[in-house]
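**Q** have a look at this fold, sequence not included:
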């Protein structure tokens, strides 16, 4: 028993090799200890620092247009905000003495375009920073890098000396915002455009129509927005305002009008376009619905010609997204006229009928100067090659399309509405390392888009679903494929998240507001403890477990909870440290205990709060689970510290209790459970420790602590 | 020594009488244990509760207009937000079974007016709530009361049974927002209009022009906004949007165009209107400046006729504010033509010249259908009685005007920009209890306005200067004069503050954002501890101590700090408890120690944070003061607990150190100092305790702990 009692000592001896290996890894990390996100194509840090103090000035060499000047002004205001220094207004006359010299080759495209040159170089010495780019948009990208480099020490703010050459890996780096399921006012779009610019995204894909809402004013068919939106739509002036705001930041706006399915809201005003007589009402539920346009009737194309003519004039981007997804054709199946049409034309199935529809739309869009784009489903044998495929199926489907000559954009793997951790998205590559595409084929993979489907987000919560995770997707689309270090990504993401608040994003600050409302005046501390270690359930499980409609309030605990819990990740790292970093066993042990104790201490106040707030009643089982996790963890720590293995009964009872706790409640689940399970296993397997290296022991504990399979499926 | 060692026991015996007196007071308080703010004219709470659950419905009896329906819809959304229940949309058909029945006598005035009847009655039984009002605006006021009554217990949400008769004491209850010193985008105005409606304020006084900016589009004289605003102005469409938004909430919009002084920004575009030739540039400093319109030239009146004609058409309210304040007439003194004019007309001084100007303006405004209103200075012997006086001098000046037949509105005492505590504003009454005004004269006192001058607020911080303190001013202007209990006001204010977040106000949530930016990724906990016990310096001392311009960033610690520190008030109450509530001596003692320990523990992390963030360097002396306060307090507590009086040297040294700490640094000061001083005095005077009642002892400690006079003057 003695050797087990001196567990830390054994750890120390066993870990010797392992520890030196770790410090080697740290050196590598130190080389990339900057906070840039996305990481540039190349960055060579040098000795020296450029001070940023109140005499900071910017000079422009060469061309300067309004957009460039406005971009510089915004950057100056952000530097002022961080440093609390008032900087001189206006441009420095003398480039020789300016702190930052900007040199732009030209204004670039009048409207941002997929062909825009976004490259730039940034050279910072201890005397001056020089930012050069062939276009204004390149300068804007470089200014964001400059802002990300701004650092400080005891004495002053500074930018480290560095030589950066940078350009994006993919020309299409987007964020799709679904403003149809839940309408998002223009302030929401503006702050998100600023967030996009900060991480060098360049496409706002504006998902404007859905079964649940028609969100854009049509002057040609005003009943569309009047009857299809509950009054929640963008006027054309507002659309122009958003397009201009995006253009100022080098961001394109690609509108989507989802057809022929996802079209209920169109049919509320114009049932005559539908494949069934109607009448139709705005859809309030989430899901896939039957209403679809009738592709067999000429009036439909006449209508769409007029409509797309109007929209093509409103939206300057070359691309126009027609959706095309998830039409199951059930209305078509039941409509004899459509069946007859198909027979007469030799159209063999609904896929073929949809392709017929797309092929009819194509010349209409072309006539109005637009390139058609649509979701995966439109990729059918007969589809003309000029249509761009937007893939929600995956890099494989995208590669297949590229091989067949289609351009494509990836969104599979970037569905940020599904609450997966950042690391999941970060590891999805539009052209994976093992891709067999030729260079020519690869060039057809334009990039990717994070997709913010809005079934379960309000203007108050949407930012927390988009940020900061989308910054990591932005990096995937901009930075070299080889930038894949998860720990370093998470380190930089934490810095980036706080900086994203600078432009008004609410992903950090609104959680406390939601919790205060739920707590009704009580101290929200214990509620913060709970919410920090839970995550909303993933994929499409939320609505299964906690059904709501588009009219339901999104002010519950599940709405306050955020994806990819930082606290859970930190706890997992601490437990990992405990299991493998013997020299610091006591420190790790204390950290683990502190966290577990905080969970346990939250209990009584949580219970009192839940008692007084019926909206929190659904959190009662979660509060009990938290207490269970804390108690179990502390008991395990007690065994581990004393070097005393528990009885098998204890282990079995605790693991069974953890399995119960692993079942989601109120649409929330505990990502910390696997770490607590590791503690239980570690305590139970203490007798193995003497025979194993720490690495092998850690692996054993992890494998034994893996959750039973059925949990993953719930 | 023994008797002193058993200090708590002595306290217990001495406090017996005092304690029973306190429980009497609690009973009185219990009678008003509701969270209504402003307190209604009369409210009789009965037994019973009306459940608010997902079958909650609203029926309307009698007239219903769009504004009424929209008001009900907003209320329903807020109930949903709090309860996380989805309520049925649309009105209940059957008033007999509806949860809430709304009965409106009529739509009221087309535009909100100072004559609007805002009264309502609300009767809630355990079966139904009935809200009756003669006008739609009355209903809106009653709906806010209903929302404030919404409460919960273990089982469900409910509204307590109550009979309320309510109407405002004053018809003019305003918030002035200066959008000229720092421009405030329309989102800021909208959320503040919602906040105003929540506490039954009914006038947005829109201070649109200043030396530092001309903020409204003029189509007649477009150079005014083009050259006078840095591009930061409201279009006329936006002005109409704000007016409509205010009207929806029963709020009037009174525009102010400050003349003849505070007029630099006018003269940037139109120097020909000035009393000196110019040229003029937008003023960037705070303060009082010389530029003034030339009241002797006919072109000026012609210009103003056209301008006010345009503005009168844009702003529907009957009242138009012409400012008129702080014109020192220095340009007039130096202008020979003006001097000659005065001599020729027998105008004896600048006051008389300004009255001449006002009298010339009066018919112009009348012609355009407007009643003139101006600041105190316009109240000169010759001023026509129809002009409304807006008093920044005080209730006395206002009473004098009322006696002379002028209507008036009070803002003296409601200058929320000056960072005074809520209690200061709350105790200022437009018609104080000792007023000698007749009923007729009193009727001329229309009400009051909180004034948010914007020298030192950005869109990110302005809410924290307005709220929650303005809710207490709203109560002063609505509720009976006799509603004056400060403790009860503060209790209700805390609830109100959280509820004000519901409409999007940022007074609570933006502090963390500012601190996170300053902390640059470090844990903001210690910074929150510091910022929670400091307040920005009062009155006009900020700019003396920490000079800035209108272009300076407002992102420093002073901007994160808020007026009327809750933590300081709670600490003072805890120390008060310690000194007088002997039965709970140990509990109070522990609370005091906990707080002091938290201050002390913040120290090391604060120092580290300050070291790494140059923007926080100015906080270094504050961090040291906090440490000093903590150490001093803990030492004093140690003496008190041991019943051992300290040496005189200790007392003198500690008091001297507190005097040093009382000197503001970085524009911030510690409102907790007087409580720490009380602890030092209490420790020093322990030998007195045996001879005195606790009340007398507390009074002695308080009097001895009063800060030296010179502190107050700094």
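**A** Sure, I can see it. What you see is a predicted model; the values in this text were computed from it and never measured.
**Q** same for the helix or strand hosting residue A:651, what does it pack against?
**A** Using DSSP states H and E, residue A:651 maps to helix A:648-661. Here helix A:648-661 touches helix A:620-642, helix A:673-684, going by 3 or more C-beta pairs under 8 Å, 6 or more residues apart in numbering or on different chains; DSSP states H and E. Every residue, glycine included, has its C-beta placed from N, CA and C.
**Q** name the residues of the longest one that are buried.
**A** Counting neighbours by 16 or more other C-beta atoms under 10 Å in any protein chain shown, one finds that the buried residues in helix A:620-642 are A:621-637, A:639-641.
**Q** go on, stretch A:353-367?
**A** Buried residues in stretch A:353-367 (16+ other C-beta under 10 Å): A:353-359, A:361-362, A:364-365.
**Q** got it, and stretch A:75-91?
**A** So, applying 16+ other C-beta under 10 Å, buried residues of stretch A:75-91: A:75-76, A:78-85, A:87, A:91.
**Q** out of the residues you listed, which two sit at the greatest distance?
**A** A:84 and A:91 (22.5 Å; C-beta to C-beta).
**Q** isn't residue A:448 up against residue A:175?
**A** No: Residue A:448 is not in contact with residue A:175 according to C-beta atoms under 8 Å; the separation is 10.1 Å.
**Q** the two - which one has more neighbours?
**A** Higher neighbour count among residue A:448 and residue A:175: residue A:448, with 30 against 26, using other C-beta atoms under 10 Å in any protein chain shown.
**Q** list the contacts for residue A:368?
**A** The contact partners of residue A:368, by C-beta atoms under 8 Å, 6 or more residues apart in numbering or on different chains, come to A:308-309, A:312-313.
**Q** spatially nearest residue to it, not counting backbone neighbours?
**A** Sequence neighbours aside, residue A:312 is the residue nearest to residue A:368 in space, at 3.5 Å (criterion: C-beta to C-beta, 6 or more residues apart in numbering or on different chains).
**Q** confirm that neighbour sits in a helix?
**A** Yes: when DSSP: H, G, I helix; E, B strand; the rest coil is applied, residue A:312 is found to be in a helix.
**Q** my guess is it contacts residue A:369. True?
**A** Yes: counting by C-beta under 8 Å, residue A:369 is a contact partner of residue A:312 at 6.0 Å.
**Q** ok, those two, which is more surrounded?
**A** Legend: neighbour count by other C-beta under 10 Å for residue A:312 and residue A:369, higher for residue A:312 (19 against 12).
**Q** could you measure from that one over to residue B:502?
**A** Separation of residue A:312 from residue B:502 (C-beta to C-beta, to the nearest Å) stands at 41 Å.
**Q** now do the contacts for the residue nearest the centre of chain A.
**A** The centroid of chain A falls nearest to residue A:470 when counting by C-alpha atoms, centre = their mean (3.0 Å). Residue A:470 sits next to A:175, A:195-196, A:199, A:201, A:416, A:450 when contact means C-beta under 8 Å, 6+ apart.
**Q** how about the residues of the stretch 351-500 of chain A by chain B?
**A** Within the stretch 351-500 of chain A, the positions adjacent to chain B are A:494-495, A:498 by C-beta under 8 Å from any C-beta of the partner chain.
**Q** max-length helix in chain A?
**A** helix A:585-612 (DSSP state H).
**Q** please name every helix or strand in contact with that helix.
**A** helix A:7-14, helix A:525-532, helix A:566-580, helix A:620-642.
**Q** now the angle from the longest one to helix A:648-661?
**A** Angular relation of helix A:620-642 and helix A:648-661 on a 0 to 180 degree scale: 150 degrees, by axes from the mean of the first three to the mean of the last three C-alpha atoms, to 10 degrees.
**Q** just the angle between the helix holding residue A:651 and helix A:673-684, please?
**A** Using the same axes, to 10 degrees, helix A:648-661 lies at 180 degrees relative to helix A:673-684.
**Q** tell me the buried residues in helix A:648-661?
**A** Quick answer for helix A:648-661 (16+ other C-beta under 10 Å): A:650-651, A:654-655, A:657-658, A:661.
**Q** dump the residues you listed to JSON lines, plus pLDDT.
**A** Converted to JSON lines, the buried residues of helix A:648-661 look like this (pLDDT from 0 to 100):
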{"residue": "A:650", "pLDDT": "97"}
{"residue": "A:651", "pLDDT": "96"}
{"residue": "A:654", "pLDDT": "97"}
{"residue": "A:655", "pLDDT": "97"}
{"residue": "A:657", "pLDDT": "97"}
{"residue": "A:658", "pLDDT": "97"}
{"residue": "A:661", "pLDDT": "97"}
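**Q** nearest to chain B among those residues?
**A** residue A:661 (23.2 Å; C-beta to the nearest C-beta).
**Q** surely the closest one and residue A:673 touch.
**A** Yes: with contact defined as C-beta under 8 Å, residue A:661 reaches residue A:673; the gap is 6.0 Å.
**Q** what's the overlap in contacts for those two?
**A** residue A:629.
**Q** show me where the stretch 351-500 of chain A has its strands.
**A** A:371-375, A:388-391, A:408-410, A:445-452 (DSSP state E, counting those that start in this stretch).
**Q** now render those as a markdown table, adding mean pLDDT.
**A** Formatted as a markdown table, those follow (pLDDT from 0 to 100):
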| stretch | mean pLDDT |
| --- | --- |
| strand A:371-375 | 96 |
| strand A:388-391 | 96 |
| strand A:408-410 | 97 |
| strand A:445-452 | 98 |
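**Q** for those, which one sits closest to residue A:132?
**A** So among the strands of the stretch 351-500 of chain A, strand A:445-452 is nearest, using C-beta to C-beta, at 24.3 Å.
**Q** contacts for the closest one next, please.
**A** A:114, A:170-178, A:203, A:205, A:388, A:390, A:392, A:398-399, A:402, A:407-411, A:414-417, A:425, A:430-431, A:437, A:462, A:465-466, A:469-470, A:473-474, A:476-477.
**Q** okay, now residue A:37: neighbour count?
**A** Residue A:37 has 29 nearby residues by other C-beta under 10 Å.
**Q** pretty sure it sits against residue A:498.
**A** No: proximity of residue A:37 to residue A:498 does not meet the contact threshold set by C-beta under 8 Å, at 11.9 Å.
**Q** so which residues on the stretch 551-700 of chain A come close to chain B?
**A** A:551-553, A:555-556, A:611-615.
**Q** check the residues you listed and tell me the two furthest apart.
**A** Most distant of these, by C-beta to C-beta, are A:551 and A:611, 28.6 Å apart.
**Q** next helix or strand past the helix or strand of chain A with the lowest mean pLDDT?
**A** Using mean pLDDT, DSSP states H and E, helix A:16-31 stands out as the lowest-scoring helix or strand of chain A, at a mean of 34. Sequence-wise, the next helix or strand downstream of helix A:16-31 (DSSP H and E) is strand A:42-52.
**Q** which elements pack onto that following strand?
**A** By 3+ C-beta pairs under 8 Å, 6+ apart, strand A:42-52 packs against strand A:157-166.
**Q** stretch A:117-126: end-to-end distance?
**A** End-to-end distance of stretch A:117-126: 29 Å, with C-alpha to C-alpha, to the nearest Å as the criterion.
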